[in-house]
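Colleague: generate coordinates for the sequence data below:
(2 chains)
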Amino acid sequence: MTQMTYMEALRDGMRVAMRSDPNVFLAGEDVGAFGGCFGQTKGLYEEFGPKRVVDTPISETAIMGLATGAAAVGLRPIVEIMFVDFMGVCMDELFNNAAKMHYMFGGKITVPLVVRAPCGAGFSAAAQHSQSLDAWFAHIPGIKVVAPATPADAKGLMLAAIRDNNPVIYLEHKGLFGLSGEVPDGDWEVPLGKAEIKRPGRDVTIITWSAMVGKALEAAERLAADGIEAEVLDLRTITPLDVDAILDSVGRTSRAVIVHEEVRTAGFGGEVAAVIADRGFNLLDAPIKRVTAPDTPVPFSPVLEAMFIPQAADITRAVKELF
Amino acid sequence: MARSSLTTPEPDTATAAGRLPAANLPEVYRRLGAAEIRDALRKMRLIRRFEESAEEAYVRGLIHGTMHLSIGQEASAVGVCSALSPTDYMTSTHRGHGHCLGKGADVGRMFAEFFGREDGYCRGRGGSMHIADPSTGNLGANGIVGGGLPIAVGAALAAKRLGNGRIVVCFFGDGANNEGAFHESLNMASVWKLPVVFVCENNKYGMSTSVARSTSVKNIADRAVAYSMPGVTVDGNRFADVADATHAAVERARRGEGPSLIECLTYRIRGHSKSDRNRYRTKEEIESWQKRDPIQLFEAELLEFGLMDTPEMVAIQTSVEEEITAAIEFAKASPAPSPADLTRYVYTTERGSHGHHGA
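Modeller: A predicted model of the protein is given here:
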């Protein structure tokens, strides 16, 4: 175990994968000597050189297609889209090509690529540099979506994503880059599709992922002071969804609160709620609650942005409504 | 692929009358051997008869959905593919039947895919617009205008990195030249000197909208200037012209000098898809292009140069008919996919190395 930040951990995951497989390469805007917009790829260019750490033109469509084509013929690209908000520029190559080629071509072509996309609000970066678009990607059959919340998961999910033979969207939350924690050394994967209980509890299940895991843990501590023991279930992987873990936890607690930073309408929480209602209705003693961002673009003003992002107090309030 | 050079026509295959001096022989006929020329003609016939037969099958209800036929564009598909080796990669378009056959696809498995059967190239999951065949380097036909260009760039980056000597041919239509993906891809391929040959099949219309009404440059090949690569416009209905230009571009790519843009001026005789009623163009225009039929032009040239005689050409037609008939029977006999397999192939569960290095 080594103490490192979330950003160091996801970089360590890339480094381990690149050392173990020469077919793994990284491409994106300013990922080379510059080291990535937030410093995520710092040092990789120096270790692996310009053939494996490739600075691209500002051409998101071509970057996504580059990864798709290179993956289709045998390489394992990791591409960085500087902000998840820029995925709109290249969505076609992702959802019409990378996601569909394996199925559309009857399993003849596989597309093992990882798209790293920094997401999340909290920096007064306003409406085009702060979004969480998790459900956008979850809605596309053929791709997987991961959203780590801790340094250990950031590394383990990175390695698993790179080695998976499907396209994987790796959502790295900007607000977590500096978060520090214990990370297993060496070659260590967190399996895709497996949720993890980050805090056990008997009274209510808080289902969440990414930066909201921290908020949920904070809320759980406050609730404990009031005698409510909340279980915090971190999905880690959004698709494929770990339905068993959700139903198992809700089966024990009889209450579910879903928390995400995405806006409310058609956010991934709606899907989680539907799964619980469909397959776990008789487990419930109370309605399913969602704590989400409101249906607005992300505001610039710190005052407004703090209101936009779900906070621990919003979670405790929602939980208490169930008792 | 080994290439034997043909310096002079075989005397016994030439008809004395109408035979042109050897000095006028297009360069490509010196480059391609007699067998390759014969194969090119056979493929053009095969593509034509494949699409005509697919039309018939569509009318008879054997094919669902729609189709985008390339009748009239066979010289472009086959001329380009004549310059490729079997291991070279190709990306194709919604109007891609000719590209797939030109690259070596089997007509039986093509028909099986059109009929939505399990023996189809994509096990019936793709249909006529999405044929992929990694075993012949075909990385897939694309239903998105311009969608294949960035993928070709990626395959070319991989070929360069792996140092396997392969090049990528990227087919697209005139409509794609106004998509952002076109511009991003040409720029990226040029900056990195990737081994790609971009082939624009300019058939004059993006659905109903003419190139004149949609495109700011006179020739689409002019766009190459902006990306520091050679751009040529050729008569896309003449096999030799297409093949000549492609050989030059392929050699440049193999030398590591980077991409090229070839614009093949051609014409689709049929409508955009099965729902097209040709209201945007005149009967006279269509007829004028039918007079420039690429197969007829090719055959006339081969006769003029004494590279092939009429009985040989008839024999090709006969063998193509037999191949088509057998292919349709194969496809009809192929089972439909099992409904229980609906969600198969959404994800691969295989781990470890992947890809299609072999071929």
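
Colleague: wait, does the host helix or strand of A:Gly156 contact chain B?
Modeller: If you go by DSSP states H and E, A:Gly156 is part of helix A:151-163. Yes. On the criterion C-beta under 8 Å from any C-beta of the partner chain, helix A:151-163 is in touch with chain B at A:Arg163. C-beta coordinates here come from the backbone N, C-alpha and C atoms, glycine included.

Colleague: low pLDDT regions in the stretch 1-150 of chain B?
Modeller: B:1-22 (pLDDT under 70).

Colleague: quickly find the element holding the closest residue to chain A within it.
Modeller: As assessed by C-beta to the nearest C-beta, chain A sits closest to B:Pro150 within the stretch 1-150 of chain B, at 1.9 Å. For B:Pro150, the host element (DSSP H and E) is helix B:148-162.

Colleague: what segments of the stretch 51-200 of chain B are strands?
Modeller: B:89-92, B:138-141, B:168-173, B:196-202 (DSSP state E, counting those that start in this stretch).

Colleague: now those strands as CSV including distance to chain A and mean neighbour count?
Modeller: Below are these laid out as CSV (distance: least, C-beta to the nearest C-beta, whole Å; neighbours: other C-beta atoms under 10 Å in any protein chain shown):
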stretch, distance to chain A, mean neighbour count
strand B:89-92, 7, 30
strand B:138-141, 6, 29
strand B:168-173, 8, 29
strand B:196-202, 10, 29
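
Colleague: among these, which is nearest A:Phe300?
Modeller: With C-beta to C-beta, the closest approach to A:Phe300 among the strands of the stretch 51-200 of chain B belongs to strand B:168-173: 40.8 Å.

Colleague: okay, now the sheet partners of the closest one, with direction.
Modeller: strand B:89-92 (parallel), strand B:196-202 (parallel) (DSSP bridges).

Colleague: for A:Glu261, give me phi and psi.
Modeller: A:Glu261 adopts backbone torsions of phi -90, psi -20, taken as degrees, to the nearest 10.

Colleague: residues contacting B:Gly256?
Modeller: When contacts are counted by C-beta atoms under 8 Å, 6 or more residues apart in numbering or on different chains, B:Gly256 touches B:160, B:193, B:195.

Colleague: the last one and B:Arg255 touch, don't they?
Modeller: I take that to be B:Pro195. No. Taking C-beta atoms under 8 Å as the definition, B:Pro195 is not a contact partner of B:Arg255, at 9.0 Å.

Colleague: the two - which one has more neighbours?
Modeller: B:Pro195 (29 against 10; other C-beta atoms under 10 Å in any protein chain shown).

Colleague: list the contacts for the more buried one?
Modeller: B:156, B:159-160, B:166-168, B:253-254, B:256, B:258-259.

Colleague: among these, name the buried ones.
Modeller: Using 16 or more other C-beta atoms under 10 Å in any protein chain shown as the burial test, the contacts of B:Pro195 include B:156, B:159-160, B:166-168, B:253, B:258-259 as buried.

Colleague: how about A:Pro141: what's its closest non-neighbour residue?
Modeller: Closest residue in space to A:Pro141, ignoring its immediate chain neighbours: B:Val346 at 5.1 Å, by C-beta to C-beta, 6 or more residues apart in numbering or on different chains.

Colleague: re the thing from before, for the helix holding B:Pro150, packing partners?
Modeller: With contacts defined as 3 or more C-beta pairs under 8 Å, 6 or more residues apart in numbering or on different chains; DSSP states H and E, the packing partners of helix B:148-162 are helix A:60-72, strand B:89-92, strand B:138-141, strand B:168-173, helix B:180-191, strand B:196-202.

Colleague: go with 7 Å
Modeller: Applying 3 or more C-beta pairs under 7 Å, 6 or more residues apart in numbering or on different chains; DSSP states H and E, one finds that helix B:148-162 contacts helix A:60-72, strand B:89-92, strand B:168-173, helix B:180-191, strand B:196-202.

Colleague: which residues are contacting that helix?
Modeller: A:51, A:61-62, A:64-70, A:72-75, A:93, A:97, B:89, B:91-93, B:139, B:142, B:166-168, B:170, B:172, B:176, B:181-182, B:184-185, B:188-189, B:192, B:194-196 (C-beta atoms under 7 Å, 6 or more residues apart in numbering or on different chains).

Colleague: just the buried residues from those, in ChimeraX please.
Modeller: Applied in ChimeraX, the following selects the buried portion of the contacts of helix B:148-162 according to 16+ other C-beta under 10 Å:
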select /A:61,62,64,65,66,67,68,69,70,72,73,74,75,93,97 /B:89,91,92,93,139,142,166,167,168,170,172,176,181,182,184,185,188,189,192,194,195,196
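
Colleague: ok so, going back, I'd like to know which of the contacts of B:Gly256 is nearest to A:Pro141.
Modeller: B:Lys160 (32.1 Å).

Colleague: please tell me how far stretch B:278-298 is from the chain's geometric centre.
Modeller: 19 Å (C-alpha atoms, centre = their mean, to the nearest Å).

Colleague: closest one to chain A out of the contacts of B:Gly256, please.
Modeller: Among the contacts of B:Gly256, and counting by C-beta to the nearest C-beta, the member closest to chain A is B:Lys160, at 9.2 Å.

Colleague: great, nothing more from me.
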